[in-house]
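Novice: coordinates for the following, if possible.
(4 chains)
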Protein chains: 4
Amino acid sequence: MIKVGIIGATGYAGGEIVRLLMGHKDARIVWYGSRSYIDKKYSDVFSNMFQIVEDRCLDDNMEELADQADVIFTATPQGFCASLLKEDILRKTKVIDLSADFRIKDVSVYEQWYKLEHKSPQFLDEAVYGLCEINREQIRRARLVANPGCYPTCSTLSVYPLIKEGLIDPSTLIIDAKSGTSGAGRGAKVDNLFCEVNENIKAYGVAGHRHTPEIEEQLSYAAGEPVRISFTPHLVPMNRGILITAYASLKKEVSYEEVKAVYDNYYEKEYFVRVLEKDVCPQTKWVEGSNFVDVNFKIDPRTKRIIMMGAMDNLVKGAAGQAVQNMNLLFDLPETEGLMLAPMFP
Amino acid sequence: MIKVGIIGATGYAGGEIVRLLMGHKDARIVWYGSRSYIDKKYSDVFSNMFQIVEDRCLDDNMEELADQADVIFTATPQGFCASLLKEDILRKTKVIDLSADFRIKDVSVYEQWYKLEHKSPQFLDEAVYGLCEINREQIRRARLVANPGCYPTCSTLSVYPLIKEGLIDPSTLIIDAKSGTSGAGRGAKVDNLFCEVNENIKAYGVAGHRHTPEIEEQLSYAAGEPVRISFTPHLVPMNRGILITAYASLKKEVSYEEVKAVYDNYYEKEYFVRVLEKDVCPQTKWVEGSNFVDVNFKIDPRTKRIIMMGAMDNLVKGAAGQAVQNMNLLFDLPETEGLMLAPMFP
Amino acid sequence: MIKVGIIGATGYAGGEIVRLLMGHKDARIVWYGSRSYIDKKYSDVFSNMFQIVEDRCLDDNMEELADQADVIFTATPQGFCASLLKEDILRKTKVIDLSADFRIKDVSVYEQWYKLEHKSPQFLDEAVYGLCEINREQIRRARLVANPGCYPTCSTLSVYPLIKEGLIDPSTLIIDAKSGTSGAGRGAKVDNLFCEVNENIKAYGVAGHRHTPEIEEQLSYAAGEPVRISFTPHLVPMNRGILITAYASLKKEVSYEEVKAVYDNYYEKEYFVRVLEKDVCPQTKWVEGSNFVDVNFKIDPRTKRIIMMGAMDNLVKGAAGQAVQNMNLLFDLPETEGLMLAPMFP
Amino acid sequence: MIKVGIIGATGYAGGEIVRLLMGHKDARIVWYGSRSYIDKKYSDVFSNMFQIVEDRCLDDNMEELADQADVIFTATPQGFCASLLKEDILRKTKVIDLSADFRIKDVSVYEQWYKLEHKSPQFLDEAVYGLCEINREQIRRARLVANPGCYPTCSTLSVYPLIKEGLIDPSTLIIDAKSGTSGAGRGAKVDNLFCEVNENIKAYGVAGHRHTPEIEEQLSYAAGEPVRISFTPHLVPMNRGILITAYASLKKEVSYEEVKAVYDNYYEKEYFVRVLEKDVCPQTKWVEGSNFVDVNFKIDPRTKRIIMMGAMDNLVKGAAGQAVQNMNLLFDLPETEGLMLAPMFP
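Specialist: Predicted coordinates for the structure are as follows:
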């Protein structure tokens, strides 16, 4: 039985880790860390867990936690994990960081986009980017996993095969993303009040969202050359779900069957990536509550572009689900353990 | 491995049975019945099941199905199950009917409220009302289970202990209920279009909703005398969830502790009924996707009334979840098998 | 041209006054008061007003404002208006207070329910309760109008005729209310975040909501005797709208036609109260954005009760619209000026 | 007083024309045409109009209507207006067609995208594309106005100045659009049920939506050369609102101020187009219920692209409001008459 510690257990992503681990056969949560709610019953913060979780919230003492847990999830604001991580901790336990601290290899890029000084750049090299479908083998051997961002997970998985196979021109890539509001976190801000979000849609972070360099880095590896993209997220009046719609110019004329074969080649054996049937557009509701990413594409011969689409639950495959998938890899468990949840519809 | 047939598998309740059984260790679906979608791939109707369910929809031939299945769920319109049920079917298989056909013992009451002739009243006597927490032992021995309606499940469980113990005057009982829109089914009607339901709330079926006599019958058993109630359902702009707010006059002065003790006495050992802590009001979001019913109460000394509240997911405890719970009882499985899902929040 | 000052112009009710007055022929806003946003452009706070309102927010100096405005709207937290009001102000200008400070005549009741010391009880006597349809003539002559609460407006108008005519037993009256989330205000609280409210419904303030004594006082006047009610509000995932469902025992057998005649007698000439046709249930969407209250009723011969229903927009007839209606009365303008907006559907 | 006939008065766009004309000083509706609801009271179909509109629905006899009305709005499915229009009708009355029948000059393009035979191509030449801000003078002199589609209105107004001034390369233009569900109409379809749309987002009509050639035609006029774009609409869980996010490569390096000056030059005097302040992203809620289009842009020096954004209410500026604006132009009324409604927030 793996002993799990969670720092940031009372945010939406932290809460989702708890929900998923309740159904995990080989993991047991020993530490519900939450700086804001120390000593409060966890189920008073998330009442869905009433009579399921009896524990009280603890602080975020990572060193002490390292003694008690086999793995620590940090579902914390940017900068937190980097500020506390030490070699001593990584000797004792494994760390899956859900923040951006170890996702970007180039510390100057991190510091420029996040406006933060990176407090432990010495671990950047060894940190493995935890996009399981792509870095599975490195993850298995890692001590420190940088759990990918929600937008980067959906974006990368949706366009990766076509970039990797050189079918599209990376310099033309535009990703227009739409996210449910849980992605904005549980902080009390006017902008995230029900009446401000409901019956509304807007773009935000235009030409400056922090997930841009993360996506670019991953796609650059795939392309074998530096990739620059336009990335625009939008806030949608729904709790969960991310949809991305990506546009790129095709490098040559291709048929539906050829492109489908490329996707299938990459994802046929991937349980969590579903390449939909011809002309079926991904919908976020079809993956809600699950760890699936649904992807598909449409060739537009008029413009010689291809439109790639991906849908997933931002709190599951985009955060907690992928974190658990990473944990399964770290501990040599079946990758789907605790994650075989069918999506909930409606 | 129990072989399960579902008639009406492409409605919302039918789809939820499928979702739940995907996580059930001892049950396997052998028949996805759907008159409207015969021969169509099930996952083309409910795309959340893509690559999870590969079967095609079959017809609603209950006799043939009886040969193949150990249990049949009928998630069908009123009158359907009653029109097809035969002794021969019940000799071969068990039936859990999610419609109202066998919920009301008095056939004239059924026919008056449902404006239907009952086609097989001969089974009314043996049918067991499948409210597990109350009729557990009879359900275990049943061939035919009448799975309770959504409103009656939430209403009955919320007020049952106080009626049974004689703390409230049943003649003063008023139940004001609020339901998500999945309760209205998947039929294409203007009234259920997104734009008609969204940003809107209304009462419907005022002083005439068909669940009224069902609730009254169950409460009458508890009271030991005929009970008549006011019951008003409302349509709420959300997918899932039922909340009931019930009002009744107290027969005598009681303290919080006394009433709490009554509830605890009835529900302490019931996994799926959670009596919340003092002053915590049930919220539908806290039970979403799960088989829980959250109940609580508030004494109002000013009016000498008690306000009882209950929240549950109408598609789970109010339909598919309770049906699976009934199946577990029928086949001597752990009652919670396939139903240990933590509620999803947010 | 009436010069209007608004204190609390950047809350939802304040913003709605602004919206309505933009279409008012005889009023001009001279003061957008907002303690939190002093010197900020009003249209930076409410961007719907971009290029419509060019003013900047001012402070909440009521004395200075009294010199500049013919009427002051205070859309402020409880206690604010009472703490600043002075005879000198009322000599210079009229005041329409949207808070509860002057709604309840008995200062001890106010202080008990609001947990506040009332700072200017000397004005309670002269304050007129601004429910236009009932107190029209007193309002015309008032200096200080206590604009009714949202729930009390909808509740009182829905049940008033039947109480007044003695058709129902006031001691049996139960009001179950449902409100959109704008009623909770624009403060940044976790409870009002999109993800907490969306896909959720709950009761709150059970047996203790502050609007209870306000409703009771108004109904007591109608009944000619003290009335005590059960009142339970619920939070609904929509921006606007209040629906009330009220239950009471009939004092004698009555026909639909008799009750309809009573309602018509009270409301036939009231532009803003629409008595719907037989068996049509009010829906909040049908009044959205307008000053209408839609009411109707259903007799339940089984329980000898009558169910009364009312729907309105909480920000219009429940706050800003009624405030403007009161202003029109105070200044002898046509009562509907600025308020002839047809409801927006969908 | 202009006598107005509406054919298709019981769809969402038709209903919105009615709502707007209730506040129009110089227009009176004389014909509420609705094939599906002939003889039914209009306010039974749209109950928001109870006691406001007393008329009953009439048929869609355009010839008879031409004798009675000064202007006919056809808010009808594609093909309807073209199938009934005759020279005789246009001699007697003006026609504002809200369908696509007369928007596209090239009949073969229309027939290819709409899969319909055009029944009256003889009027295509004289029909004026009713995008008021661009074709104002031709509209004034027209007999037949082709009211623009919702997506084309928002798209064209958002990118027009930059295309016209040659700042962007039209061949790189990609428009990613998001629409509320009222755009899907009031037909009873499973896809538009509340539970299917709520908590969900999807793309549809990818690389094949019928508004594509309409946008392309208008932008080709601006560019002075044929323009081909990628256009992808998405369905968003909200009633009203369209947001477009458009991407194009800049032809040369430009500053914020230069681009802002271009937009201002085109729209400074346009009441209904609001160019927002620097870094403010348009939000659909800020224009809800109004005839405004809010536009803005962001230069991305990293990719040498510009991101253009536009938000409007699809039922107002995207349909009924623009139709009324066109009517005002046709009859030499102030262009804003009946349309000075401030957006409703929240």
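
Novice: give the contact list for residue A:343.
Specialist: For residue A:343, the contact set (Cβ atoms under 8 Å, 6 or more residues apart in numbering or on different chains) comprises A:285-290, A:292, A:313, B:19, B:48-49. Placement of C-beta: from N, CA and C, glycine included.

Novice: you'd agree residue A:293 is up against residue A:309?
Specialist: No: between residue A:293 and residue A:309 there is no contact under Cβ atoms under 8 Å: 10.6 Å.

Novice: contact residues of the stretch 151-300 of chain A facing chain B?
Specialist: A:182, A:199, A:239-240, A:274, A:276, A:280, A:283, A:285-290, A:294 (Cβ under 8 Å from any Cβ of the partner chain).

Novice: mind picking the two most distant members of those residues?
Specialist: A:199 and A:274 (30.9 Å; Cβ to Cβ).

Novice: who's more crowded, the two?
Specialist: More crowded of residue A:199 and residue A:274, by other Cβ atoms under 10 Å in any protein chain shown: residue A:199, with 26 against 23.

Novice: contact partners for the residue in the stretch 1-150 of chain A that chain B sits nearest to?
Specialist: With Cβ to the nearest Cβ as the measure, residue A:48 is the residue of the stretch 1-150 of chain A nearest to chain B, at 3.8 Å. Residue A:48 makes contact with A:19, B:285-288, B:290, B:342-345, according to Cβ under 8 Å, 6+ apart.

Novice: and of those residues, the nearest to chain C?
Specialist: Nearest member of the contacts of residue A:48 to chain C, counting by Cβ to the nearest Cβ, is residue B:285, at 3.8 Å.

Novice: now the closest one: how far from residue C:194?
Specialist: Between residue B:285 and residue C:194 the computed distance is 12 Å (Cβ to Cβ, to the nearest Å).

Novice: residue A:336 too?
Specialist: According to Cβ to Cβ, residue A:336 stands 31 Å off from residue C:194.

Novice: next to chain C, which bits of the stretch 1-150 of chain A? Give me the list.
Specialist: Residues of the stretch 1-150 of chain A lying close to chain C (Cβ under 8 Å from any Cβ) are residue A:12.

Novice: tell me the pLDDT at the spatially most central residue of chain A?
Specialist: Centroid-nearest residue in chain A, with Cα atoms, centre = their mean: residue A:318, separated by 3.1 Å. pLDDT for residue A:318: 98.

Novice: if we can go back for a sec, out of the contacts of residue A:343, the closest to residue A:60 would be?
Specialist: Nearest to residue A:60 among those: residue A:313, at 26.1 Å, using Cβ to Cβ.

Novice: what backbone torsions are found at the closest one?
Specialist: The phi/psi pair for residue A:313 (degrees, to the nearest 10) reads phi -90, psi 120.

Novice: correct me, but it touches residue A:240?
Specialist: Yes: using Cβ under 8 Å, residue A:313 is in contact with residue A:240, at 5.2 Å.

Novice: the two: which has the busier surroundings?
Specialist: More neighbours surround residue A:313 than the other of residue A:313 and residue A:240, with 33 against 30 (other Cβ under 10 Å).

Novice: which ones are touching the more buried one?
Specialist: Contact analysis of residue A:313 by Cβ under 8 Å, 6+ apart lists A:240-242, A:284, A:287-292, A:321, A:343.

Novice: try 6 Å
Specialist: Residue A:313 is in contact with A:240, A:287-288, counting by Cβ atoms under 6 Å, 6 or more residues apart in numbering or on different chains.

Novice: swap in residue A:135?
Specialist: So residue A:135 contacts A:128-129 (Cβ under 6 Å, 6+ apart).
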